[in-house]
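[1] Here's my sequence, what's the structure:
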Amino acid sequence: MPYFDAASSAPLHPVARQALLASLDEGWADPARLYREGRRARMLLDAAREAAAEAVGCRPDELVFTPSGTAAVHMGIAGALSGRRRVGRRLVASAVEHSSVFHAAASHEAAGGSFTEVPVERTGAVDSAVFGAALREDTALACLQSANHEVGTEQPVAAVAALCREAGVPLLVDAAQSLGWGRVADGWSLLTASAHKWGGPAGVGLLAVRKGVRFAPQGPADERESGRSAGFENLPAIVAAAASLRAVRAEAEAEAARLRALVDRVRAEVAARVPDVEVVGDPGRRLPHVVTFSCLYVDGETLLHELDRAGFSVSSGSSCTSSTLTPSHVLKAMGVLSEGNVRVSLPAGTAASDVERFLDVLPGVVAGVRERLGVPVAGGSAGSAAVAPAASLVVDALGRRCPVPVIELAKVIGDVPVGGTVTVLADDEAARLDIPAWCEMREQEYVGEEPAERGAAYVVRRLG
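    So this is what the prediction gives:
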């Protein structure tokens, strides 16, 4: 069964498995002790730190291991903000950061700090000039991911780092998705990553803090990991993480080229074979193994279940698969279609034949889901020849979840004359994103959102 969700968690690399098993026998003792077993454990820990630091591009004494990538982000943000509290209490980050950044930002705001989101372009990338304009004298820290976990778009880290340096603001880079493929561009002040993203074991994160960066660890003091990450180190997992990072980086250039070719094929063939689909993310500046697309008139949860039944494990940013029934903050920030969203992220070693089978299966799966939802034929209703069409219609989709509000809109758009309007009443959060996206895909005019007694009223004008 092909596993196409490496951006969530990559399968354990063979080198990681070997290192993990070997270090279970050699690395169980306390590396802080001076006896023989402790010295052996310390040697393993030091070697792992040196290997990880080499891959990151920092000094070994600048890098600590954390219990996860999320913990690394939280520790990095909290420590940097505290270390620069005399400068100000303002945190700046792109609108498409990992949720761990937004959770840290919410905690910062609750404690009296301020947070500024920098918008992104439709590709998911920030404009470096816009990011630079958000930096003020009271900015204590800026955060920018190296590449997006949902759509694969790479960020202009070097350009933003240069602007941060000019403004005297440290830059924290979340490199969780990209570190296995290569070093992050120079100029960052803090860097975080997570081992299970590159084929290491779960439960190991990295936090690198450059010398000279003001940093004050938060929480009770601990003597381990330079006082920045409390608790007994999971040495076997750390050794496996460092070993696998070195291994995947040695394979990265060749594997990236191979996977990029497969992803290019997915991007082209999905758009060609599946009607009403939007492939999202930057087509060029992106990770080699990630492709994301959204399908109109599709229930995302049903789509993922059907693909799973067909033997494919994929992910989604669709609100239809979310327990909160709100669209992905990444897709929302990009302003792209969220319904029927599928993220395909290929692990190393993915066979071309598995990708071809996915491309063969996908059109039928999408068509089947649409048929069960009663999706109208392309172009919507043709209207009635005997009765003059109404100048405007109201569609009540209150209490109905995506993709139903958009489907109901598509059913009636042909029942108003050119220049007429359809008002969709909906209380599903995804409608705020998906109705404008439908208008762009169908070349209709999105007039705007109006207040309503319940939910909101979305007004669409028929152009043709």
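[2] so where do the strands sit in the protein?
    63-66, 90-94, 114-118, 139-145, 171-174, 190-194, 205-209, 277-280, 290-295, 341-345, 392-396, 421-426, 445-451, 456-461 (DSSP state E).
[3] which strands and helices sit next to the fourth one?
    Under the contact criterion of 3 or more CB pairs under 8 Å, 6 or more residues apart in numbering; DSSP states H and E, the helices and strands touching strand 139-145 comprise helix 69-83, strand 90-94, helix 157-167, strand 171-174. (C-beta placed from N, C-alpha, C; glycine too.)
[4] same thing with the fifth one?
    If you count contacts as 3+ CB pairs under 8 Å, 6+ apart, strand 171-174 packs onto helix 69-83, strand 139-145, helix 157-167, strand 190-194.
[5] what angle do the first one and strand 205-209 make?
    Read it as helix 69-83. With axes from the mean of the first three to the mean of the last three CA atoms, to 10 degrees applied, the angle from helix 69-83 to strand 205-209 works out at 20 degrees.
[6] what about the helices and strands packed on strand 139-145, which gets the closest to G349?
    helix 69-83 (22.7 Å; CB to CB).
[7] Between strand 190-194 and that closest one, find me the angle.
    Using the same axes, to 10 degrees: helix 69-83 against strand 190-194 is 160 degrees.
[8] Quick one: list the elements packing against helix 69-83.
    Using 3+ CB pairs under 8 Å, 6+ apart, helix 69-83 is in contact with helix 99-110, strand 139-145, strand 171-174, strand 190-194, strand 205-209.
[9] can you put the ones you listed in TSV and add mean pLDDT, distance to E121 and mean neighbour count?
    Shown next, in TSV, are the helices and strands packed on helix 69-83 (pLDDT from 0 to 100; distance: least, CB to CB, whole Å; neighbours: other CB atoms under 10 Å):
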stretch	mean pLDDT	distance to E121	mean neighbour count
helix 99-110	97	19	17
strand 139-145	98	14	26
strand 171-174	98	19	30
strand 190-194	98	24	29
strand 205-209	98	28	27
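[10] Identify whichever of the ones you listed lies nearest to P288.
    Per CB to CB, nearest to P288 of the helices and strands packed on helix 69-83: strand 139-145, 16.4 Å.
[11] so what strands line up beside that closest one?
    Within its sheet, strand 139-145 is paired with strand 90-94 (parallel), strand 171-174 (parallel), according to DSSP bridges.
[12] can these go into a markdown table with extra columns for distance to S189?
    Below are the strands paired with strand 139-145 laid out as a markdown table (distance: least, CB to CB, whole Å):
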| stretch | distance to S189 |
| --- | --- |
| strand 90-94 | 13 |
| strand 171-174 | 5 |
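[13] just so I know, which of these lies nearest K411?
    Here strand 90-94 is closest among the strands paired with strand 139-145 (CB to CB), at 37.4 Å.
[14] which residues make contact with the closest one from outside it?
    For strand 90-94, the external contacting residues (CB atoms under 8 Å, 6 or more residues apart in numbering) are 77, 81, 101-102, 105, 108, 113-118, 120, 126, 131, 134-136, 138-145, 155, 169.
[15] how much does it deviate in direction from helix 99-110?
    160 degrees.
[16] other SSEs contacting the longest helix anywhere in the chain?
    Looking across the chain with DSSP state H, the single longest helix is helix 235-273. Judged by 3+ CB pairs under 8 Å, 6+ apart, helix 235-273 is in contact with helix 14-26, helix 36-56, strand 277-280, strand 290-295, helix 352-373.
[17] Centroid-nearest residue for this structure?
    Centroid-nearest residue in the chain, with CA atoms, centre = their mean: H149, separated by 2.8 Å.
[18] need the contact list for the closest residue to it other than its chain neighbours.
    Residue nearest to H149 in three dimensions, not counting chain neighbours: Q177, with 5.1 Å by CB to CB, 6 or more residues apart in numbering. Taking CB under 8 Å, 6+ apart, we find Q177 in contact with 7, 145-149, 152, 197, 287, 290.
[19] Enumerate the beta-bridge partners assigned to the nearest residue to V56 once chain neighbours are set aside.
    Excluding the flanking residues, the one nearest V56 by CB to CB, 6+ apart is A208, at 5.4 Å. Judged by DSSP bridges, the bridge partners of A208 are L63, L191.
[20] wouldn't A208 be in contact with F65 here?
    No: using CB atoms under 8 Å, A208 is not in contact with F65, being 10.6 Å away.
[21] gap between stretch 113-126 and the chain center?
    13 Å (CA atoms, centre = their mean, to the nearest Å).
[22] Oh, that last question was meant for stretch 28-45, not what I typed.
    38 Å.
[23] Quick check: end-to-end length of that stretch?
    11 Å (CA to CA, to the nearest Å).
[24] go on, stretch 416-432?
    22 Å.
[25] That stretch: which residues count as buried?
    Neighbour-count burial for stretch 416-432 flags 416, 420-426, 428-432 (criterion: 16 or more other CB atoms under 10 Å).
[26] Make CSV out of the residues you listed and add pLDDT and distance to E371.
    Below are these laid out as CSV (pLDDT from 0 to 100; distance: CB to CB, whole Å):
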residue, pLDDT, distance to E371
V416, 92, 25
G420, 93, 28
T421, 94, 29
V422, 94, 23
T423, 95, 27
V424, 95, 22
L425, 95, 26
A426, 94, 23
D428, 89, 22
E429, 87, 26
A430, 87, 21
A431, 91, 22
R432, 90, 27
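[27] Distance to S229 added to those, as JSON lines?
    Below are the buried residues of stretch 416-432 laid out as JSON lines (distance: CB to CB, whole Å):
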{"residue": "V416", "distance to S229": "61"}
{"residue": "G420", "distance to S229": "62"}
{"residue": "T421", "distance to S229": "57"}
{"residue": "V422", "distance to S229": "55"}
{"residue": "T423", "distance to S229": "54"}
{"residue": "V424", "distance to S229": "50"}
{"residue": "L425", "distance to S229": "51"}
{"residue": "A426", "distance to S229": "46"}
{"residue": "D428", "distance to S229": "41"}
{"residue": "E429", "distance to S229": "37"}
{"residue": "A430", "distance to S229": "38"}
{"residue": "A431", "distance to S229": "43"}
{"residue": "R432", "distance to S229": "40"}
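[28] Just flag the most distant two among these.
    G420 and E429 (26.9 Å).
[29] neighbours of the closest residue in space to L135 that isn't next to it in sequence, just the number please.
    Computed as CB to CB, 6+ apart, the closest residue to L135 that is not its neighbour in sequence is A167, at 4.2 Å. Using other CB atoms under 10 Å as the criterion, A167 is surrounded by 16 other residues.
[30] Cheers, nothing more for now.
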